[in-house]
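**Student:** Provide a 3D model corresponding to the input given below.
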Amino acid sequence: MVTVPSACNDAKAGDIAKTVLMPGDPLRAKYIAQTYLKNPVLFNSVRNMLGYTGDYKGKRLSVMGSGMGVPSIGIYAYDLYNYYDVDAIIRIGSAGALPENIRLRDLLIASGAATNSNYACQYNFPGTLAPLADYGLLEKSVAAARRLGVNVVVGAVFTSDQFYNADPEAETKCREMGILAIEMEAAGLYLTAAAAGKKALSILTVSDQILTGERLSTAERQEGFHEMIEVALETAWQSI
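**Tutor:** The predicted structure follows:
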């Protein structure tokens, strides 16, 4: 394990479990820890990016916020993989659905992530690098969703650097290429995991239906998403 300390995480060696759930919102991380984990212990509060380790069904599990966007999740995921010996990160977040048949609160599992981010350029890959999920985690998450009776859709998402995109054709182009949803972190996580030789998965709840304009409230985003959280917890438990 690399011993160089992180500038964004004041956890000590051994404070963080091998598998980490990673919502974007640190308050959602706190909610998950206090609601689902037994005896959660705060391991990080630097920049209020809260992280906790506790017990889930007899196995050690951590949860930590990532912030918004590829650069932010890239920092925190890099630290977890390279400084804290984490083996797997499961992102749990929200997304805006593109096809009309995907509705609010539906669960999406991102098998891959197209992106307009420049993040992959650092790897000097001789071509277009495709950021992909770990298949083992993906398979476990689909099985967990089916056991819990949760409707799940698996496919590609688009990781955007823009929350407000000035290109009026961007959503249409994504939809035409079979992209299920737009979000802002999956590609950064998948690329960071690939570079570290580690595992990653993104499980997303539809918070916005882009075609219809429907959307969940801020409170529903922060403390809702129970089905997604439970699927992620079961996936993590099966992978430990």
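**Student:** Any regions of this structure where pLDDT drops low?
**Tutor:** Along the chain, the model assigns pLDDT under 70 to residues 1-4, 222-224.
**Student:** Just want the most central residue of it.
**Tutor:** For the chain, the residue sitting closest to the mean C-alpha position, by C-alpha atoms, centre = their mean, is residue 91 at 1.7 Å.
**Student:** Report the beta-bridge partner residues of residue 107.
**Tutor:** residue 152, residue 205 (DSSP bridges).
**Student:** What are the neighbouring residues in contact with it?
**Tutor:** Residues near residue 107 by C-beta atoms under 8 Å, 6 or more residues apart in numbering: 145, 150, 151, 152, 153, 203, 204, 205, 206, 227, 228, 231. Where C-beta positions appear, they are placed from N, C-alpha and C, glycine not excepted.
**Student:** now do 10 Å
**Tutor:** Neighbour list for residue 107: 141-142, 145, 148, 150-154, 203-206, 225, 227-228, 231-232 [criterion: C-beta atoms under 10 Å, 6 or more residues apart in numbering].
**Student:** if we can go back for a sec, and the helix or strand that contains the residue nearest to the centre of the chain, how far from the chain's centre?
**Tutor:** Using DSSP states H and E, residue 91 sits within strand 88-97. Remark: strand 88-97 is offset 3 Å from the chain centroid, using C-alpha atoms, centre = their mean, to the nearest Å.
**Student:** strands paired with that strand, and their directions?
**Tutor:** strand 19-23 (parallel), strand 181-183 (antiparallel), strand 199-209 (parallel).
**Student:** Give me the distance between residue 118 and residue 161.
**Tutor:** 8 Å (C-beta to C-beta, to the nearest Å).
**Student:** list the buried ones in stretch 129-145?
**Tutor:** Neighbour counts over stretch 129-145 (16 or more other C-beta atoms under 10 Å) mark 129-134, 137-142, 144-145 as buried.
**Student:** Can you pick out the residue with more neighbours from residue 118 and residue 161?
**Tutor:** Between residue 118 and residue 161, residue 161 has the larger neighbour count (other C-beta atoms under 10 Å), namely 16 against 9.
**Student:** Please name the nearest non-neighbouring residue to the more buried one.
**Tutor:** Setting aside the residues directly before and after it, residue 161 is nearest to residue 117 in space (C-beta to C-beta, 6 or more residues apart in numbering), at 5.0 Å.
**Student:** element containing that neighbour?
**Tutor:** Judged by DSSP H and E, residue 117 forms part of no helix or strand.
**Student:** just residue 144 next, same as before
**Tutor:** Short version, using DSSP H and E: residue 144 is in helix 135-147.
**Student:** Kindly report the same for residue 67.
**Tutor:** Here residue 67 is assigned to no helix or strand, by DSSP H and E.
**Student:** hang on, the earlier thing: show the buried residues in the contacts of residue 107.
**Tutor:** 141-142, 145, 150, 152-154, 203-206, 225, 227-228, 231-232.
**Student:** before we move on, back to that, what lies in contact with the helix holding residue 144?
**Tutor:** Contacts of helix 135-147 (C-beta under 10 Å, 6+ apart): 19, 88-90, 107, 109-111, 132-134, 150-154, 199-203, 227-228, 230-239.
**Student:** For beta bridges, what are the partners of residue 42?
**Tutor:** Here residue 42, judged by DSSP bridges, has bridge partners residue 52.
**Student:** Please verify my assumption that it contacts residue 51.
**Tutor:** Yes: contact criterion C-beta atoms under 10 Å: residue 42 and residue 51 qualify, at 7.2 Å.
**Student:** Which neighbours do residue 118 and residue 161 have in common?
**Tutor:** Contacts common to residue 118 and residue 161, judged by C-beta under 10 Å, 6+ apart, are residue 70.
**Student:** Alright, that wraps it up for me.
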